[in-house]
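K.L.:
Dropping a prediction and its sequence here:
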Amino acid sequence: MIANCLKVNEEGHLEISGCDTVRLAEQYGTPLYVMSEDEIRETCRRYVASFAKNYNGNGKPIYASKAFSCKEIYRIVLSEGLDVEVVSGGELYTALQAGVPGSQIHFQGNNKSVGELTMAIENGVGDIVVDNREELERLETIAMEHNMVAPVSFRIKPGIDAHTHEFIRTGQIDSKFGLDLASGEAMDALRRAQQLEHIVVKGLHCHIGSQILEKAPFVHAAEVMLQFFAKIRDELGMTLETLNLGGGFGIHYTEQDDAIPYEEYMGDVSAMVHSKCQELGLQLPRIYIEPGRSIVGEAGITLYTVGSIKEIPGVRNYVAIDGGMFDNPRYALYQSSYTCLLANKASQPADYVATIAGKCCESGDLIQEHTLIQKPEIGDLVAVLSTGAYNYSMASNYNRNLKPACVMVSHGESRIVIKGETYEDLVRNDV
Ligand code: LLP
């Protein structure tokens, strides 16, 4: 199985962290998101341990909550010693509601509104990651009005083209995110920040993309960023304290994904950080990384019930489920690969070629095409694996479908962490 939390039990059912998925479906209904708390905590601990090993604890992982945001996930990562990254007023609000101290929040985004920036200032957000010049000026004004000094870092485009889907690639020059290094845009913004009384620049940030399955781009990004650290010191006389190297570590969606153990990324990047700092005469900055997908992705699965099967001879076999692009839009958006199986027949051979189709009025509403599953019948339980990241967080109410509940499982116990929506929820804001 592609995740440690998964196994097939004696009844031939898929089990996640000791919970039989057939029982979960009976208890909570489908569609249902299921997340393994054990797996999430284990991954957090691996990242934290890597910081102890590679940087003597001078740094920490930050959970990029766009991957999966709800109150409980903030509580879990906080209790494992992580900071939290948010990218909107909504994520910020949820994190604060969950009890995350402002000082442990890093606020990203390429177009934060005045309202969002004000909320960040008023709640003592510890790191506002400035994306552009306008935002810098906006923030100075807001901080001045509040008689405060805003701690910021700068989002830099290091000019690195990581091999991943073009929609989730962000470190190259043609990107809407961040300040460009090569043209001097980033240096100009830092120079300007030096003149501002209500801004204190703590460090730099970069993020080169997502679902990256190679180490080299991360190592290269660290090198480029530290060279810029030295340039800032030399040209502006500024010593920056923090370097956030972003997230993007790839996970297993299928057995074919050659995901690198996180310790290996951490080790190679740390070797570069140490040697570059020495070469450039820099004091080792406090290092942050910002993983989202790799913390929650493999820990989550989605359960669906088969409602219809259409076998079109010579064409394909549609297996229709009670969810679809409204709870997982990733195949429709990026043609993402997934491993699908029948959770109630998990020990049977997977020799039936299926196209798993959703229930939205849209031909492109598919979860996976031509994938091998066990021979399906109406009422079977489909499990889609590695749906913990960017599924619930990207869900919608398209066709006025209801966003499913999310259950957290740990050591054979389950509990609801997000209630399933109701029809009343759907009309709550309608007038
Ligand atoms: N930090 C920043 C500034 C980011 O923009 C992102 C992701 C992350 C951290 C976390 O990256 P991760 O470790 O999760 O790869 N919806 C797409 C993914 C978009 C990622 C956007 N930024 C998907 O479903 O694949």
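P.N.:
Cool, got the structure.

K.L.:
Next up, the contacts around residue 389.
P.N.:
67, 68, 251, 292, 293, 295, 296, 297, 300 (Cβ atoms under 8 Å, 6 or more residues apart in numbering). From N, CA and C alone the C-beta is placed, and that goes for glycine too.

K.L.:
The third one and residue 269: what is the separation?
P.N.:
So that's residue 251. According to Cβ to Cβ, to the nearest Å, residue 251 and residue 269 sit 18 Å apart.

K.L.:
again, but for the fourth one
P.N.:
Taking Cβ to Cβ as the measure, residue 292 falls 17 Å from residue 269.

K.L.:
higher neighbour count, these two?
P.N.:
Ranked by neighbour count (other Cβ atoms under 10 Å), residue 292 and residue 269 place residue 292 first, with 25 against 22.

K.L.:
wait, isn't that one in contact with residue 247?
P.N.:
Yes: with contact defined as Cβ atoms under 8 Å, residue 292 counts as touching residue 247 (5.4 Å).

K.L.:
Quick check: neighbours shared by those two?
P.N.:
Shared contacts of residue 292 and residue 247 (Cβ under 8 Å, 6+ apart): 64, 210.

K.L.:
what sits against the residue nearest to residue 109 when sequence neighbours are not counted?
P.N.:
In space, and not counting its chain neighbours, residue 109 is closest to residue 87: 4.9 Å by Cβ to Cβ, 6 or more residues apart in numbering. The contact partners of residue 87, taken as Cβ under 8 Å, 6+ apart, are 64, 65, 66, 107, 108, 109.

K.L.:
what's the span of stretch 252-264 from first residue to last?
P.N.:
One end of stretch 252-264 to the other measures 16 Å (Cα to Cα, to the nearest Å).

K.L.:
which stretches of the stretch 51-200 of the chain have low pLDDT?
P.N.:
Where the stretch 51-200 of the chain drops to pLDDT under 70, the residues are 163-173.

K.L.:
burial measure for the closest residue to the ligand within it, as a count.
P.N.:
With Cβ to the nearest ligand atom, the shortest gap between the stretch 51-200 of the chain and the ligand falls at residue 64, namely 3.5 Å. Counted by other Cβ under 10 Å, the residues lying close to residue 64 total 29.

K.L.:
Next, it: phi, psi?
P.N.:
Per-residue torsions, residue 64: phi -80, psi 100 (degrees, to the nearest 10).

K.L.:
ok, for it, nearest residue in space, not its chain neighbours?
P.N.:
Closest residue in space to residue 64, ignoring its immediate chain neighbours: residue 292 at 3.1 Å, by Cβ to Cβ, 6+ apart.

K.L.:
Residue 205: what's its closest spatial neighbour, skipping adjacent residues?
P.N.:
Distance criterion Cβ to Cβ, 6+ apart; nearest residue to residue 205, sequence neighbours excluded, is residue 244 at 4.0 Å.
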